[in-house]
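*Asks:* Predicted model, plus sequence, below.
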Amino acid sequence: DAGVTQSPTHLIKTRGQQVTLRCSPKSGHDTVSWYQQALGQGPQFIFQYYEEEERQRGNFPDRFSGHQFPNYSSELNVNALLLGDSALYLCASSHSGYNSPLHFGNGTRLTVT
Amino acid sequence: RKEVEQDPGPFNVPEGATVAFNCTYSNSASQSFFWYRQDCRKEPKLLMSVYSSGNEDGRFTAQLNRASQYISLLIRDSKLSDSATYLCVVAADYGQNFVFGPGTRLSVLP
């Protein structure tokens, strides 16, 4: 039973570029959430996808966008990268039922130079 | 006030010690509560869900006080492998809007 998988594991980009991160949820999960985690801080909620729609969004600019596909996998896109976007990006999947916890992938470490 | 706050840490304790972490949340409508642990440069992993009546899993005990909007995690007989950052997580809606605290770092010393 595969858990949450993310790709790539590491990425180096230049300011102003665009990046796409990918996530496949754990088998049986239908909801995907994306988080940004800076060093020494807790994960910050970016957005959540359910039934191919963005269901909730955190306090992130429109440069951050996403998509969920019919097979529940998801992409996070970030445009016009800034140095401050350097962080660990975590994908978490869950089931849309009550009290279902989040299960995280290994994350993508993005460095913007 | 932040939505979820935790003890600032770090906590440095000897092996075998008992250590308690505290967490408070501001949204009284919160429905689901969890503790996660995160090792350095790794992803968070679910440690345990927190139920209204309190629950125990081996050396770990979690308590919830809805009236005070307070969650706790007690670790008994600390092991070196318990060294990690412990994250308190609160969800306001069923399956949605999971908010993480900043985490409390624990170092268990030999």
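*Replies:* Received it, and whenever you're ready, just let me know what you need. Because the structure is a prediction, the values reported are computed rather than measured.
*Asks:* helices and strands of chain B: which one has the lowest mean pLDDT?
*Replies:* strand B:96-100 (a mean of 84; mean pLDDT, DSSP states H and E).
*Asks:* Would the next helix or strand after that strand count as contacting chain A?
*Replies:* Next in sequence after strand B:96-100, counting helices and strands by DSSP states H and E, comes strand B:104-109. No: using C-beta under 8 Å from any C-beta of the partner chain, strand B:104-109 never reaches chain A; the gap is at least 9.1 Å. C-beta: built from backbone N, CA, C; applies to glycine.
*Asks:* Compute the distance from the centre of strand B:104-109 to the centre of its chain.
*Replies:* What separates the centre of strand B:104-109 from the centre of its chain is 13 Å, taken as C-alpha atoms, centre = their mean, to the nearest Å.
*Asks:* who touches it?
*Replies:* B:6-15, B:17, B:19, B:21, B:75, B:78-86 (C-beta atoms under 8 Å, 6 or more residues apart in numbering or on different chains).
*Asks:* Write a PyMOL command that selects only the buried members of those.
*Replies:* A single PyMOL command selects the buried members of the contacts of strand B:104-109 (16 or more other C-beta atoms under 10 Å in any protein chain shown):
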select buried, chain B and resi 6+7+11+13+19+21+75+78+82+83+84+85+86
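*Asks:* show me where pLDDT drops low in the chain?
*Replies:* With no chain named, the answer covers chain A. A:1, A:98 (pLDDT under 70).
*Asks:* wait, I meant chain B there
*Replies:* The model of chain B has pLDDT under 70 over residues B:1, B:94-95.
*Asks:* which SS class is residue B:81?
*Replies:* helix (DSSP: H, G, I helix; E, B strand; the rest coil).
*Asks:* Those residues of chain B touching chain A, which are they?
*Replies:* B:4, B:31-32, B:34, B:41-46, B:49, B:87, B:89, B:94-103.
*Asks:* Apply 10 Å and report the result again.
*Replies:* Within chain B, the positions lying close to chain A (C-beta under 10 Å from any C-beta of the partner chain) are B:2, B:4, B:6, B:31-36, B:38, B:41-51, B:85, B:87-89, B:91-103, B:105.
*Asks:* Give me the buried entries from those.
*Replies:* B:4, B:6, B:32-36, B:38, B:43-44, B:47-50, B:85, B:87-89, B:91-92, B:95-103, B:105.
*Asks:* Give me every residue in chain A lying close to chain B.
*Replies:* A:3-4, A:6, A:30-31, A:33, A:35, A:37, A:39-45, A:48, A:50, A:55-56, A:58, A:88, A:90-92, A:94-107, A:109.
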